[in-house]
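Visitor: My questions are about this predicted structure, shown below with the sequence.
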Protein chains: 2
Amino acid sequence: MRVLKLTLAYDGTNYVGWQRQDNGVSIQQIVEDALQPMCGDDPVVVNGASRTDAGVHAFAQAASVRVAFAHTPSTVRRALNVRLPADVRVLDVEEAAPRFHARFDATGKSYRYRIATARVPSPFDRWFVWHMPRRYDLDAMRTAASVLIGRHDFSSFQARGASVLDGWRTLERIEIARADDEIHIDVDGNGFLRHMVRIIVGTLVDIGVGTRPVTSMADTLAAKDRQAAGQTAPATGLVLTSVKY
Amino acid sequence: MRVLKLTLAYDGTNYVGWQRQDNGVSIQQIVEDALQPMCGDDPVVVNGASRTDAGVHAFAQAASVRVAFAHTPSTVRRALNVRLPADVRVLDVEEAAPRFHARFDATGKSYRYRIATARVPSPFDRWFVWHMPRRYDLDAMRTAASVLIGRHDFSSFQARGASVLDGWRTLERIEIARADDEIHIDVDGNGFLRHMVRIIVGTLVDIGVGTRPVTSMADTLAAKDRQAAGQTAPATGLVLTSVKY
């Protein structure tokens, strides 16, 4: 058996997220379905590095799949792009080590969150930003964000009902920048809890607009309780930008 | 009666074009419908500067409408944006002169056409570019484009069946530039025939990829016959960028 590493870009608007689910069409499902004809009766399981939520996008999701066929990587890329809908594209296919697993072997992931601050939002960005036309204190947001850098138990920033027992993760970088009529929040870490980026962004926005004090972030982190953190920012603004191995 | 000038941005993907038609929903119709509640029983007619085709987008379409109500321009903008779907946004509303007409008074329009040349197209741009992953001779395209600058009878670049009798228009500028994995063709003129930008782009692409000689453009223009020109580039790649008064 060979293992292939896929790099995928997708507009997540029309999907229930990366992971296969009963309540709608997932990216994982359509990629597996597109691979199936090359795999005959063999079961096809495509493991994604990040289980992006419904509506979350990817510039470069990584995924791995074990296959028995002999097609070259570029043949596989072309065949997949013919079969996949235009909102999911395979950017690259590579040979990987026989034991490579896109999720377990990932050493880091990067996400960007886009907040649109213009009075009237662009119709072209409506599925790709959180429209929040407010005044933001970026310095307050940066000060609060700096509290989160490093290795911490991020349980306060995990969706209620998520089943992960160990909330310890390392956040390597949070960068907050203005870009024309947008604020971009770039987050790098070794791994993320469910909704973690979106809850961090929602909490930073509360601090940025002044409804939550900048000094509160240390207590929020220490509480290890979802109720201590702010709102969950909507999925639309989030994109998985890269996965590190 | 007052006249208001509207500036609109729209993603044209889901519409039959600017102009009201029986076969589907137009931008004009939804803007008129959104204005109607403020106008009581008065008929509402919104005249757009450019009758953009189905699937063509606008960063800044201009439109005019005669109204009897006294609402301020910013109230009208806000009310329209509440009623309009998210793919159509009113960027600005201004008082205009009592005889202002967005189409007849326009002195110039600018369009951008985007050609995506990457092997694998971005899923995020699928409704906003023409995906043509070929090698282009940009110098040949620029040489051919220069033939079109100035005042000419552009009948060769008019959709078959279009009813305009006078094909004379002035093309002020055609700029062809590479931008990462795209080619941008920016066109400014005092007015455009039906499909004129798209037929010019299609003909320039034929020249750029070498299926049509660079020297052919003068003959194409002189022929005053649609059959002399190249293919009509798809609507997706085209956006109305501005209207001049």
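Guide: Looks like it came in fine. Residues are numbered from 1 along each chain as shown, chains lettered A, B, ... in the order given.
Visitor: Name the residues of chain A found near chain B, please.
Guide: Residues of chain A lying close to chain B (C-beta under 8 Å from any C-beta of the partner chain) are A:9-11, A:57, A:77, A:81, A:86-91, A:120-124, A:126, A:128. Heads up, the C-betas are built off the backbone N, CA and C, glycines and all.
Visitor: Sort out which of these are in strands and list them.
Guide: Residues of those located in strands (DSSP state E): A:9-10, A:57, A:88-91.
Visitor: mind listing the helices for chain A?
Guide: Along chain A, counting by DSSP state H, helices occupy A:27-39, A:73-83, A:138-146, A:196-209, A:217-223.
Visitor: Give me whichever of those is most buried.
Guide: Comparing those by mean neighbour count (mean count of other C-beta atoms under 10 Å in any protein chain shown), helix A:196-209 ranks first with a mean of 25.
Visitor: how much does it deviate in direction from helix A:138-146?
Guide: Angle of helix A:196-209 versus helix A:138-146, following axes from the mean of the first three to the mean of the last three C-alpha atoms, to 10 degrees, is 140 degrees.
Visitor: Format the CA atom coordinates belonging to helix A:196-209 as PDB.
Guide: Extracted in PDB, the C-alpha atoms of helix A:196-209 (Å, rounded to 0.1, in the frame of the first residue of the first chain):
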ATOM      1  CA  MET A 196     -10.800  27.300  19.700                       C
ATOM      2  CA  VAL A 197      -9.700  29.900  17.100                       C
ATOM      3  CA  ARG A 198     -13.300  31.200  16.800                       C
ATOM      4  CA  ILE A 199     -13.700  31.600  20.600                       C
ATOM      5  CA  ILE A 200     -10.300  33.300  20.900                       C
ATOM      6  CA  VAL A 201     -11.300  35.700  18.100                       C
ATOM      7  CA  GLY A 202     -14.800  36.300  19.600                       C
ATOM      8  CA  THR A 203     -13.200  37.100  23.000                       C
ATOM      9  CA  LEU A 204     -10.600  39.400  21.400                       C
ATOM     10  CA  VAL A 205     -13.300  41.200  19.500                       C
ATOM     11  CA  ASP A 206     -15.200  41.800  22.800                       C
ATOM     12  CA  ILE A 207     -12.000  43.300  24.200                       C
ATOM     13  CA  GLY A 208     -11.300  45.300  21.000                       C
ATOM     14  CA  VAL A 209     -14.700  47.000  21.100                       C
END
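Visitor: Now do that helix: which elements does it pack against?
Guide: Helix A:196-209 makes packing contacts with strand A:108-116, helix A:138-146, strand A:168-179, strand A:182-189, helix A:217-223, strand A:238-244 when contacts are defined by 3 or more C-beta pairs under 8 Å, 6 or more residues apart in numbering or on different chains; DSSP states H and E.
Visitor: Touching the second one from outside, list them.
Guide: Yep, that's helix A:138-146 we're talking about. A:174, A:176, A:178, A:183, A:200, A:203-205, A:207-208, A:210, A:214, A:216-217 (C-beta atoms under 8 Å, 6 or more residues apart in numbering or on different chains).
Visitor: do that again at 6 Å, thanks
Guide: With C-beta atoms under 6 Å, 6 or more residues apart in numbering or on different chains as the contact definition, helix A:138-146 has outside contacts at A:174, A:176, A:204, A:207-208, A:214, A:217.
Visitor: nearest to chain B, of the residues you listed?
Guide: Of all those, chain B sits closest to A:I176, with 22.8 Å by C-beta to the nearest C-beta.
Visitor: Surely that closest one touches A:D186?
Guide: No: contact status for A:I176 versus A:D186: not in contact, 8.0 Å apart, counting by C-beta atoms under 6 Å.
Visitor: out of these two, which sits in the busier spot?
Guide: Per other C-beta atoms under 10 Å in any protein chain shown, whichever of A:I176 and A:D186 has more neighbours is A:I176, with 22 against 14.
Visitor: Kindly state the beta-bridge partners for that one.
Guide: Using DSSP bridges, the beta-bridge partners of A:I176 come out as A:I185.
Visitor: show me what contacts it?
Guide: Contacts of A:I176 (C-beta under 6 Å, 6+ apart): A:138, A:141-142, A:185.
Visitor: Redo the helices of chain A as TSV? Include distance to B:M132 and mean pLDDT.
Guide: Shown next, in TSV, are the helices of chain A (distance: least, C-beta to C-beta, whole Å; pLDDT from 0 to 100):
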stretch	distance to B:M132	mean pLDDT
helix A:27-39	24	96
helix A:73-83	15	97
helix A:138-146	41	98
helix A:196-209	36	98
helix A:217-223	49	96
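Visitor: what comes up buried for stretch A:85-103?
Guide: Using 16 or more other C-beta atoms under 10 Å in any protein chain shown as the test for burial, stretch A:85-103 gives A:87-91, A:93, A:96, A:100-102.
Visitor: So which of the contacts of A:I176 is the closest to chain B?
Guide: Looking across those and measuring by C-beta to the nearest C-beta, the closest to chain B is A:I185, at 18.9 Å.
Visitor: Which residues are in contact with the closest one?
Guide: A:113, A:176, A:201.
Visitor: Please name the nearest non-neighbouring residue to A:V239.
Guide: A:H57 (4.2 Å; C-beta to C-beta, 6 or more residues apart in numbering or on different chains).
Visitor: For the one you found, grab the count of nearby residues.
Guide: Using other C-beta under 10 Å, the number of residues around A:H57 comes to 27.
Visitor: With the one 3 residues further on instead?
Guide: Residues contacting A:A60 under the criterion other C-beta under 10 Å number 16.
Visitor: just checking, A:G237 touches A:F128?
Guide: No: using C-beta under 6 Å, A:G237 is not in contact with A:F128, being 7.1 Å away.
Visitor: Comparing these two, which residue is more hemmed in?
Guide: Legend: neighbour count by other C-beta under 10 Å for A:G237 and A:F128, higher for A:G237 (28 against 20).
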